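quick check, what structure comes out for this input:
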Amino acid sequence: MSDPRVRLLFEPNSVAVVGASSDPTKASGLPLRNIINSKFTGKIYPVNPRAKEISGLACYPSVTDLPETPDVAILMVDAKLSPQVLEECGKKRVKTAIIGSAGFSESGPEGAERQAQLSDIAKQYDVRVCGPNCHGTFNVLKGIPCGYDHAFALPLTPGPVAIASHSGALLGVLGHRAVQANQGLSYLVSNGNEMDLDLCDFTEFFLEDDSTKVVAVLMEGLKNGRRFLELAERAHELGKKIVVLKVGKSERGAITTMAHTARMAGVGEVYDAAFRQYGIISTDTVETFLGAAQMAAHQPVPRGGRILVMTSSGAGASLMADKATEYGLGLADISEEAQAQIPQRRTAILTNPFDTAGASRSPGFLASVCEAFAADGANDCLLMYMGPLAVRHEYARNFAAAAKKFGKPAAAIIMLSEPDMRAIFQADHIPVYDAATDACFKMLRGYIDYGRFMQHWCNTRGVERVTDLARANVEAILLAHGGMAILAHSATIELLRAYGFQCADYRLVSTSDEAKAAAETLGFPVIMKVMAPNTAHRSDAGLVSQKVVDVAELREQFAVVERNARVLSPGHVAISVEKFVLHDLEVILGVKYDATFGPVILCGLGGIFTEILKDYALRLAPLTRTDAEDMISSLKAFPVLQKRGAQLKELASALLQLSDLAVELDGKIKAVDINPIGIASDSSEWTVLDAKIHL
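Next comes the predicted model:
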């Protein structure tokens, strides 16, 4: 359950504006102007020691002098004065505060110290704080603005979408766009630095609110990633949806020198993986974000990914076909039943994308076409691509009416930016894009993916453990190698075997004669690798031999890799002689520990081209078998893997074993690279050919 004081921020009976100004052109004047002009029926207390009255309201010199304790205090004072004012609020027993001032952690060390002081005061007096450096809250349903955001003064329509945003400026943009799109909103909040209350606190409150169907979150990051994912699961249980716009995806992970997995699994990739795994609709632009929220709030969830496109242009039809292919959406067939309902079908080209082909002026034609396609079970979603057709308004009205009548998800792209055309679609809450083709297709892709997720959601969260871990043994291995950057090869193999991994047999040697004895024990062919833990790509450095088939070849190859090793690092050289495992496909598995979400699992095409081809998938541990199978099927190389049925099942099991390892060793290791795992086409088995565990 959410903290009841969060609701108080949106439904106060009394509000104090500290630092209130009579000048509405100043930021400090906007909260008072907004709440005076709103539907708020509670008490309003301006606080300013230099005024006795503002806008007809009695003004008080300090919070201490207020005649009662307000439910919410909005602090619009200089950052240096904020700690003093917040302490006054605490002593007055104010339960919630909105700190709009900037000059805290976002401004450098001095500001961070000031924010820490604020935090201590809030905890001491048990005051829940929105901000600092935020624009505040707006209860659109009841018309109560507590802040100074641009959107709080707009004619917003009450509706089912709540928006939580780190950014204040972008929140204003979203409010403006929502007015244009006829999108009703329930609540808005700009949370700024989230010193106390964070996006999860507001998301939880919105999910519990009966009027809210969709929670739209514009985030720079998450203080508690796992809690957010738990809220996503709760949203599914409540029949609600979460739409996200994550900004700042270009930041990379902290480990950038040695571990393949850490280099490949950057911040943005991990967030995307988390959203996909937990059924959160992810977007990448403001247009897609708002369109997805509108569609999720008002449109039924698509049953599948087959779309039917209706156009007024032959070239437009070709463009739509290209875009559908680009975004992995199937163009639905037109059923015989639907075709039979279309008059003049001999003059119309009955293909998908569908072009009216000159028949649009025929009486009743557009209505019949739209109803036939909307009723057709062969498609899952309708898309209108409208150019400069003379009867475009009639076409749009019939399209919107048919989609509504038959409950078919629908979206529209208009190539002429005409308010009256937009209004036709927006009246029925159909997302409409002014020539923004990619934004529209990204929205459709995200909503279709959400529909597919929900079809299997009830079966996806059962975590399957596949190993009976000998914990004491693993603990001993790690303790014995404390202080090392990378676990020794022998210890790595021992640890992986404890989790059920099959590893290539090996012997560690130092001389050519020892290598010969090891090869004869293992049996030719073999391969030799220099144990060089600080080298990411040993093959590039000449530290891995070719396949060795006899003693003469072994001595020759040993001399080569030994010489190359001494060039890099004079002194003792350890070489692993390993049984050569015949294989024709290489896969990488890996673990990274993400600061936001914890252990992250990677699976992809392996070998020396791992980071070049970048064919990999990420999911958060612990994995379910569905997660593991979804990872594998999302790879570009899946058509190759798909031909190896038994191996796919084994590979999924390997991912579950790695998930067990990642969860069990959280906080004890930094990363895992198992690269490559060798898979042979004539066997269901797979073998770890190389691995590194970073400590």
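
low-confidence stretches in the stretch 251-400 of the chain?
Residues of the stretch 251-400 of the chain that meet the criterion pLDDT under 70 lie in 251-265, 344-349, 357-361.

tell me where it has strands.
Listed in chain order, the strands of the stretch 251-400 of the chain (DSSP state E, counting those that start in this stretch) span 281-283, 306-311, 330-331, 354-355, 381-386.

would you agree Arg227 is in contact with Cys200?
Yes - counting by Cβ atoms under 8 Å, Cys200 is a contact partner of Arg227 at 4.8 Å. Yep, even glycine has a C-beta here, placed from its N, CA and C like the rest.

out of the two, which sits in the busier spot?
Legend: neighbour count by other Cβ atoms under 10 Å for Arg227 and Cys200, higher for Cys200 (22 against 16).

sticking with that one, tell me its helix or strand.
helix 199-208 (DSSP states H and E).

show residues contacting whatever helix or strand comes next after that helix.
Counting by DSSP H and E, the element after helix 199-208 in chain order, helix or strand, is strand 214-219. With Cβ atoms under 8 Å, 6 or more residues apart in numbering as the test, strand 214-219 has contacts from 160-167, 170-171, 174, 199, 203, 206-207, 235, 240-247, 289-290, 293, 296-297.

helices - which of the residues you listed land there?
170-171, 174, 199, 203, 206-207, 235, 289-290, 293, 296-297 (DSSP state H).

just among those, which is most surrounded?
Ala293 (33 neighbours).

quick one: residues contacting that residue.
Counted by Cβ under 8 Å, 6+ apart, Ala293 has contacts Val161, Ile163, Gln183, Val214, Ala216, Val243.

before we move on, back to that, export the strands of the stretch 251-400 of the chain to a markdown table and tack on mean neighbour count?
Putting the strands of the stretch 251-400 of the chain into a markdown table (neighbours: other Cβ atoms under 10 Å) gives the following:
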| stretch | mean neighbour count |
| --- | --- |
| strand 281-283 | 23 |
| strand 306-311 | 25 |
| strand 330-331 | 16 |
| strand 354-355 | 22 |
| strand 381-386 | 25 |
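
quick one: closest of these to Lys579.
strand 281-283 (44.3 Å; Cβ to Cβ).

thinking again about what came up before, and the contacts of the helix holding Cys200?
By Cβ under 8 Å, 6+ apart, helix 199-208 touches 1-3, 6-7, 10, 162, 164, 166, 186-187, 189, 191, 212, 215, 217, 219, 222-224, 227-228, 231, 234-235, 238, 240, 242.

buried among these? Need that as a selection in PyMOL.
The buried residues among the contacts of helix 199-208 can be selected in PyMOL (16 or more other Cβ atoms under 10 Å) with this line:
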select buried, resi 2+6+10+162+164+166+186+187+189+191+212+215+217+219+222+227+228+231+235+240+242
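
which of the contacts of helix 199-208 fall within strands?
Ala162, Ala164, Ser186, Tyr187, Val189, Val215, Val217, Met219, Ile242 (DSSP state E).

the last one is in contact with Ile280, isn't it?
Yes - Ile242 is within contact range of Ile280, at 5.0 Å (criterion: Cβ under 8 Å).

quick check: neighbours shared by the two?
With Cβ under 8 Å, 6+ apart as the test, Ile242 and Ile280 both reach Ala232.

circling back: so which of the contacts of Ala293 sits lowest on pLDDT?
Sorting these by pLDDT puts Gln183 at the bottom of the list (95).

which SS state does it fall under?
What DSSP: H, G, I helix; E, B strand; the rest coil gives for Gln183 is coil.

burial count for the closest residue to it other than its chain neighbours?
Leaving aside its sequence neighbours, Gln183 sits nearest to Gln294 (Cβ to Cβ, 6 or more residues apart in numbering; 5.0 Å). Neighbour count of Gln294, defined by other Cβ under 10 Å: 28.

ok, Gln294 - contacts?
Gln294 touches Val161, Ala181, Gln183, His429, Pro431, counting by Cβ under 8 Å, 6+ apart.

next up, the contacts around the second one.
Taking Cβ under 8 Å, 6+ apart as the criterion, Ala181 is in contact with Leu290, Gly291, Gln294, Gln426, Pro431, Val432.

okay, now the unreliable bits of the stretch 501-650 of the chain?
533-536, 608-609.

which stretches of it form helices?
Using DSSP state H, counting those that start in this stretch, the helices of the stretch 501-650 of the chain run over 512-522, 551-568, 610-613, 625-633, 638-642, 645-664.

got these as a markdown table, with distance to Asn352 and mean neighbour count columns?
Shown next, in a markdown table, are the helices of the stretch 501-650 of the chain (distance: least, Cβ to Cβ, whole Å; neighbours: other Cβ atoms under 10 Å):
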| stretch | distance to Asn352 | mean neighbour count |
| --- | --- | --- |
| helix 512-522 | 60 | 17 |
| helix 551-568 | 59 | 16 |
| helix 610-613 | 34 | 16 |
| helix 625-633 | 26 | 20 |
| helix 638-642 | 25 | 13 |
| helix 645-664 | 33 | 21 |
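
just to revisit the earlier point, redo the strands of the stretch 251-400 of the chain as TSV? Include distance to Glu586.
Shown next, in TSV, are the strands of the stretch 251-400 of the chain (distance: least, Cβ to Cβ, whole Å):
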stretch	distance to Glu586
strand 281-283	30
strand 306-311	35
strand 330-331	32
strand 354-355	45
strand 381-386	39
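
right, so of the ones you listed, which gets closest to Arg507?
strand 281-283 (48.4 Å).

who are the packing partners of that closest one?
Helices and strands touching strand 281-283, by 3 or more Cβ pairs under 8 Å, 6 or more residues apart in numbering; DSSP states H and E, are strand 241-246, helix 267-277, helix 286-298, helix 437-456.

again, only this time at 7 Å
strand 241-246, helix 286-298, helix 437-456 (3 or more Cβ pairs under 7 Å, 6 or more residues apart in numbering; DSSP states H and E).

okay, the angle between the second one and strand 185-190?
Per axes from the mean of the first three to the mean of the last three Cα atoms, to 10 degrees, the angle that helix 286-298 makes with strand 185-190 is 140 degrees.

hang on, Lys592 packs against Tyr616?
No - counting by Cβ atoms under 7 Å, Lys592 does not reach Tyr616; the two are 11.5 Å apart.

need the contact list for Val561.
Met528, Val530, Gly542, Leu543, Ser545, Ile575 (Cβ atoms under 7 Å, 6 or more residues apart in numbering).

over to Pro302?
Asp380, Cys381, Pro409, Tyr447, Ile448, Gly451 are the contacts of Pro302 under Cβ under 7 Å, 6+ apart.

mind doing that once more with 10 Å?
Shown in contact with Pro302 (Cβ atoms under 10 Å, 6 or more residues apart in numbering): 295, 329, 379-381, 408-409, 444, 447-452.

before we move on, what about Asp149?
30-31, 34, 100, 134-138, 165, 168-169, 171-172, 174-175, 188-190.

need the pLDDT of it.
Predicted confidence (pLDDT) for Asp149: 93.

what's around the residue lying closest to it once chain neighbours are set aside, how many residues?
The spatially closest residue to Asp149, leaving aside those adjacent along the chain, is His135, at 3.7 Å (Cβ to Cβ, 6+ apart). Counted with other Cβ under 10 Å, the neighbours of His135 add up to 31.

now the one 4 residues further on
Summarising burial for Asn139: neighbours were counted as other Cβ under 10 Å, giving 23.

does Ser653 really touch Tyr499, like I thought?
No - using Cβ atoms under 10 Å, Ser653 is not in contact with Tyr499, being 11.1 Å away.

quickly find the element holding Asp673.
Here Asp673 is assigned to strand 671-679, by DSSP H and E.

that strand pairs with which strands?
strand 585-594 (antiparallel), strand 686-688 (antiparallel), strand 691-694 (antiparallel) (DSSP bridges).

adding mean neighbour count and distance to Ala402, write these out as TSV.
Output for these, formatted as TSV (neighbours: other Cβ atoms under 10 Å; distance: least, Cβ to Cβ, whole Å):
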stretch	mean neighbour count	distance to Ala402
strand 585-594	25	46
strand 686-688	22	52
strand 691-694	23	57
